[in-house]
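Engineer: coords please:
(2 chains)
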Amino acid sequence: KNQVEQSPQSLIILEGKNCTLQCNYTVSPFSNLRWYKQDTGRGPVSLTIMTFSENTKSNGRYTATLDADTKQSSLHITASQLSDSASYICVVSGGNTDKLIFGTGTRLQVFP
Amino acid sequence: NAGVTQTPKFRILKIGQSMTLQCAQDMNHNYMYWYRQDPGMGLKLIYYSVGAGITDKGEVPNGYNVSRSTTEDFPLRLELAAPSQTSVYFCASRDPRGAYYGYTFGSGTRLTVV
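Structural biologist: Reported below is the predicted structural model:
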């Protein structure tokens, strides 16, 4: 079954600290992996997109990595800010219909 | 550039009532999608469209209908609302250049059926 699992479910960090979010997937065939940020009450906003051949992609303080062999991805946030408080969703495109398969997200809270 | 616009933002329906969730995009994207997001769950695809006049079912289409008469608009119709349809609904569109490119999501419609 095509699935995307994220950990941890929630995370609390202090402003200025770094953190890493994890994503494991079992989607096959694999097309690409995306990380989205979803603020409370808003729609998801794309952070990064990676294909099979890419193992790292950065967007400002956000850096995503992909290990297609182990089917794992991580999202590293550097020098966190209060505005980073949001849910971060890992999404894999693939399977027989090449549709998006969403993880349940990691809820990040950044406190001053 | 407004992106993807959804209306209304909030709605309370009684069981058995009907309503249409509106979605419009101004980016000339051919591909449009409707998702629902339930608490603690990943987004699930309800219906999608690859162009005007073409629609297809997603993962959870029961209880919903869509139409796509123009490139810009992709309304979602709920007939005979049920409590199980209480959810947050997101419309999205995709750049026509290919699957690699990003999806743009609307800000969502929070629907409660009582």
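
Engineer: When you work out contacts or count neighbours from here on, use the C-alpha atoms and nothing else.
Structural biologist: Noted.

Engineer: elements contacting the lowest-mean-pLDDT helix or strand in chain B?
Structural biologist: Lowest by mean pLDDT, DSSP states H and E among the helices and strands of chain B is strand B:103-105, with a mean of 92. Using 3 or more C-alpha pairs under 8 Å, 6 or more residues apart in numbering or on different chains; DSSP states H and E, the elements in contact with strand B:103-105 are strand A:45-51, strand B:87-94.

Engineer: Deepest-packed of those, please.
Structural biologist: Among the helices and strands packed on strand B:103-105, strand B:87-94 has the highest mean neighbour count (mean count of other C-alpha atoms under 10 Å in any protein chain shown), at a mean of 25.

Engineer: Pull out the CA atoms of the worst-scoring helix or strand of chain A on mean pLDDT and give them to me as PDB.
Structural biologist: Lowest mean confidence among the helices and strands of chain A (mean pLDDT, DSSP H and E): strand A:99-102, at a mean of 90. Backbone C-alpha positions of strand A:99-102 (Å, rounded to 0.1, in the frame of the first residue of the first chain) are rendered in PDB as follows:
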ATOM      1  CA  LYS A  99      -1.300  11.200  -7.700                       C
ATOM      2  CA  LEU A 100      -0.100  13.000  -4.600                       C
ATOM      3  CA  ILE A 101       0.000  10.900  -1.400                       C
ATOM      4  CA  PHE A 102       0.100  13.100   1.700                       C
END
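
Engineer: Show residues contacting that strand.
Structural biologist: A:2-4, A:89-94, B:42-44 (C-alpha atoms under 8 Å, 6 or more residues apart in numbering or on different chains).

Engineer: please redo it, this time with the cut-off set to 10 Å
Structural biologist: By C-alpha atoms under 10 Å, 6 or more residues apart in numbering or on different chains, the residues outside strand A:99-102 that reach it are A:2-6, A:25, A:27, A:31-36, A:89-95, B:41-45, B:58-59, B:99.
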